[in-house]
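Participant: Below are the sequence and a predicted model; questions follow.
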Amino acid sequence: MRSPADLARIFTTNVGFYRPLVTTSFAIDRALWNLDARGYALTNVTLLLGNAGLLFLLARVVSLSREGALFAAAVWAFNFHGINMALLWTSGRTALLLCLFAQAAALVVLSGRRWAPVLAGVLALAAMLSKEEAVLLPPLLVVLQLLSRRQSDARAILGNSWPLCAALLIYLLARGQSGAFTLVNAPEYYRPTFNLAAVLKNIGEYLDRGATFATVASIAAWLAAPQGMTLTADERRTIRIGITWFVAMYAITIFVPVRSSLYAVAPSIGSALVAGAVASRAWRTAPARFARVASTMILVIALLLPVYRSRNHGLVEPAELATQSLATIQAGSRGRPEARDIVLIDDPQAPVTLDSAFGALFPDAIHLFVGSDVDGTITNHPLTVVVGDPLVFALRGGRLVQQRARISGSPAESRASHSG
């Protein structure tokens, strides 16, 4: 991004999805770090910490104790579903920005300030410009206000919801003019399905990914308190808010055929609020016992670090192969600067394939790391005789190596295709 015109193109260019604020954040990273992946990772970590801090504030705004709010933030941050992908995948930036703007919008509307509706509309629009699930944020924010205030405030809340409605309209108009995916022309794996078996399977899996860790934490906190003690009105209201958030943030993705743990990042804010309410009860009634339970949970999480690491290994291996491959390709390109086609011979039997490492983004990676006038292809064709004179590499023993032989067919015949 070198000029205001480049920024404008981010908001008007069709790249399939319509997430211009995510693209803008990557442009800023590119300006700061060039192509050093560590800088992009640092941005994701910063966003994660910012989200945990906002969740703490949100829990306090809905009247949880400091201890309950801290418990909620920890439950969200240490959920073993979704958070790891949001950190390890650069593309996980989408979920992190969605959560950041959504929580900020919730904090604003719950503040009750006169200027809150307009600022909440701006923040809701920012969330929608980060990830599609946020289209349900305007009605969700209205419901959160209704749950948090007196019934007599309902008319005022509904009357002040126009900035949220305007934000949704602006988003839909901007998305429509960009030519991005719609419900009609999206790839089949992103097109909503109403097949009952598929939807029920999604519900089961997403309950696990978004609520299992919070449920275990809630049970531990519940058992730490005397069983005769009931929840306060504030704690019960927080549970209702958490359940509402959880359902709203999953309301679209349960109908999407392709499943992703990233879809659990935003909904798990709701389940974390529920856990925070239960923890607030435990701290209020038995602080010493709750402190012991919380300390034990911290110890268990520390002991489970090898498990977390092993779970993440499958996410890291493709990235490591991509890094090694690009370094090898760059080295080979320096020896053949005239080559305008780069062909990779994949090994479908390998534990980690080139297709899983790059997918449909391989041509873009070549444009970034080699040259904008160089084309890249991934193929499974055997080495024989080739039309043209491409630079050829092959996956051997889990590593990419340069080949001196050539392959059959034209590179254009076997472009990589992957759902991404």
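Facilitator: Looks like it came in fine.
Participant: Against residue 180, how distant is residue 10?
Facilitator: 12 Å (Cβ to Cβ, to the nearest Å). Any C-beta I mention is one placed from the backbone N, CA and C, and that applies to glycine too.
Participant: ditto for residue 212
Facilitator: 33 Å.
Participant: Then residue 125?
Facilitator: Taking Cβ to Cβ, one finds residue 125 at 16 Å from residue 180.
Participant: So the two - more neighbours on which side?
Facilitator: Higher neighbour count among residue 125 and residue 180: residue 125, with 25 against 19, using other Cβ atoms under 10 Å.
Participant: In this structure the more buried one contacts residue 170, no?
Facilitator: Yes - contact criterion Cβ atoms under 8 Å: residue 125 and residue 170 qualify, at 6.0 Å.
Participant: Find residues that contact each of those two.
Facilitator: Counting by Cβ atoms under 8 Å, 6 or more residues apart in numbering, residue 125 and residue 170 have no contacts in common.
Participant: Residue 402 belongs to a helix, doesn't it?
Facilitator: No - using DSSP: H, G, I helix; E, B strand; the rest coil, the secondary structure at residue 402 is strand, not a helix.
Participant: Can you get me a residue count around it?
Facilitator: For residue 402, the count of nearby residues is 14 (other Cβ under 10 Å).
Participant: so what's it bridging to?
Facilitator: residue 393 (DSSP bridges).
Participant: Would you map the strands across this protein?
Facilitator: Using DSSP state E, the strands of the chain run over 341-345, 375-379, 383-384, 391-396, 399-403, 406-407.
Participant: Just the mean pLDDT for the fourth one, thanks.
Facilitator: For strand 391-396, mean pLDDT is 90.
Participant: before we move on, what about stretch 122-141?
Facilitator: Stretch 122-141 comes out at a mean pLDDT of 96.
Participant: go on, stretch 320-331?
Facilitator: 91.
Participant: Over to stretch 55-64?
Facilitator: 95.
Participant: buried ones in it?
Facilitator: Within stretch 55-64, the residues that count as buried by 16 or more other Cβ atoms under 10 Å are 55-56, 58-64.
Participant: can you put the strands of the chain in TSV and add distance to residue 83?
Facilitator: Below are those laid out as TSV (distance: least, Cβ to Cβ, whole Å):
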stretch	distance to residue 83
strand 341-345	32
strand 375-379	30
strand 383-384	43
strand 391-396	31
strand 399-403	30
strand 406-407	41
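Participant: Which among those strands is found nearest to residue 37?
Facilitator: strand 399-403 (17.6 Å; Cβ to Cβ).
Participant: Relative to residue 160, which of the strands of the chain is closest?
Facilitator: With Cβ to Cβ as the criterion, residue 160 lies closest to strand 375-379 of the strands of the chain, at 51.7 Å.
Participant: packing partners for that closest one?
Facilitator: Counting contacts by 3 or more Cβ pairs under 8 Å, 6 or more residues apart in numbering; DSSP states H and E, strand 375-379 packs against strand 341-345, helix 354-358, helix 362-369.
Participant: Can you say which of the ones you listed is nearest to residue 71?
Facilitator: helix 354-358 (37.2 Å).
Participant: mean confidence for that closest one?
Facilitator: 88.
Participant: Contact partners for residue 164?
Facilitator: By Cβ under 8 Å, 6+ apart, residue 164 lies in contact with 117, 120-121, 124, 137-138, 141-142.
Participant: Kindly recompute the last result at 10 Å.
Facilitator: With contact taken as Cβ atoms under 10 Å, 6 or more residues apart in numbering, residue 164 is in contact with 105, 109, 117-118, 120-121, 123-125, 137-142.
Participant: Now flag whichever of these is closest to residue 166.
Facilitator: Nearest to residue 166 among these: residue 121, at 6.0 Å, using Cβ to Cβ.
Participant: For the residue nearest to the spatial centre of the chain, give its distance to residue 305.
Facilitator: Most central in the chain under Cα atoms, centre = their mean is residue 95, positioned 2.8 Å from the mean C-alpha point. Distance of residue 95 to residue 305, computed by Cβ to Cβ: 23 Å.
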